[in-house]
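**Student:** what follows is a predicted structure for the sequence shown.
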Amino acid sequence: MTLSVIEQILEIQIYSVANIKIEAGVIRLECKRKEATYCCPICKQQTFSRYDSSRRVIKDLTMSGKRVFVELPVYRLYCSSCKKVATEYLPFLPPHHRHTNRFIAFIHILNKYFYNSSLLAIGQKLPFDLKPFSALPFRSHGC
């Protein structure tokens, strides 16, 4: 599977997969930013000034029985238009979430499939815990 196919599957438009690490039971996709332009989440103006960065680890659907984690840098930006520092907006990930939209959509599909069951009952039939997802909305944002 080529890297661009993985990027299309994950819908990580502004990032590219730089490295893939396969460990016992875990696949880690290390990503890097494609370009150095950012959108201020407050005033929606384009900015080039990074304030600092941190790494965010996002869980995706399992692949070949292995847990998949996407690791990417997330930047705090200084906006010269509104003069504020804010964390960049990621179009493929709702704010503060640590799961891909694909993963959240999968949880919602399970919920529809098991309509009369609670998420906790569904989780007992699956190899992972669904308790953290009971209040997650599935939505898409744009900048």
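**Tutor:** Happy to help now that I have it.
**Student:** which segments of this protein make up each domain?
**Tutor:** 15-99, 101-134 (automatic domain parsing).
**Student:** average model confidence for the last one?
**Tutor:** Averaging the model's pLDDT scores along domain 101-134 yields 67.
**Student:** again with stretch 64-72
**Tutor:** On average, the pLDDT along stretch 64-72 is 88.
**Student:** for that stretch, buried residues please.
**Tutor:** Of all the residues in stretch 64-72, those buried under the rule 16 or more other C-beta atoms under 10 Å are 67, 68, 69, 70, 71, 72. Just so you know, the C-beta spots here come from the backbone N, C-alpha and C atoms, and that holds for glycine as well.
**Student:** and those residues as JSON lines, adding secondary structure?
**Tutor:** Listed next are the buried residues of stretch 64-72 as JSON lines, based on DSSP: H, G, I helix; E, B strand; the rest coil:
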{"residue": "67", "secondary structure": "strand"}
{"residue": "68", "secondary structure": "strand"}
{"residue": "69", "secondary structure": "strand"}
{"residue": "70", "secondary structure": "strand"}
{"residue": "71", "secondary structure": "strand"}
{"residue": "72", "secondary structure": "strand"}
